[in-house]
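Asker: Based on what follows, work out the 3D shape:
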Amino acid sequence: MANPNIVNVTSILGTTTYYTPSGTSAIVLLANTAASGLVYKINQIVCANVNGSSAVNATVSIYSNGAVAQGGAPAGGTAYPVISTISVPASASVIAVDKTTAIYLMEGTSISVTSGTASGITYTISYESIAS
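Answerer: Sure, this is the predicted structure:
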């Protein structure tokens with residue numbers, strides 16, 4: 001089921017999770033595995049600079065075929081940036097996605113993040129897991 005009907009849902013579960021990549025390569029923040037039967041409504045993604053002394057670049061992308069566990073490299077496909085190489089000032093945050101720009105993450109896709117400095121950005125994502 002690649003696109004669950006969200007009119008006749010059986011459950012909507014809210015979740016917030018976070019991750020601080022230890023490197024500078026693209027890392028999966030949230031994956032919706034193939035045949036999960038779910039669609040994720042992304043309500044908010046915040047990029048917080050935890051470096052403290054200098055700006056750090058942040059990128060958030062949707063991968064068309066990258067559904068692997070959090071912390072792993074995207075499995076492939078094409079990266080479609082939501083924000084690209086945005087400079088986050090020291091000890092500040094940037095909101096990449098909020099409720100006014102919500103995204104639906106379909107089966108077999110993932111959201112990945114890239115930091116310009118290892119351990120420089122903590123990404124927090126709030127989403128709803130919708131099952132029909």
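
Asker: can you map out the strands along the chain?
Answerer: Taking DSSP state E as the test, the strands found in the chain are 11-19, 27-32, 38-49, 56-63, 79-88, 93-97, 103-105, 109-115, 121-131.

Asker: Among the ones you listed, show me which one is buried the most.
Answerer: Most buried of those, by mean neighbour count (mean count of other Cβ atoms under 10 Å): strand 109-115, with a mean of 25. To be clear about C-beta, it is placed using only N, CA and C from the backbone, and glycine gets the same treatment.

Asker: Report the angle between that strand and strand 38-49.
Answerer: 10 degrees (axes from the mean of the first three to the mean of the last three Cα atoms, to 10 degrees).

Asker: circling back: kindly state which of the strands of the chain is positioned closest to residue 4.
Answerer: strand 38-49 (5.1 Å; Cβ to Cβ).

Asker: any idea how far the residue most central in space within the chain lies from residue 84?
Answerer: Central residue check for the chain by Cα atoms, centre = their mean: the C-alpha nearest the mean position is that of residue 111, 3.7 Å away. Using Cβ to Cβ, to the nearest Å, we find residue 111 at a distance of 14 Å from residue 84.

Asker: Overlap of the contact sets of those two?
Answerer: residue 61 (Cβ atoms under 8 Å, 6 or more residues apart in numbering).

Asker: which regions of the protein sit below the pLDDT cut-off?
Answerer: Applying pLDDT under 70 to the chain flags residues 1-2, 66-67, 69-70, 75.
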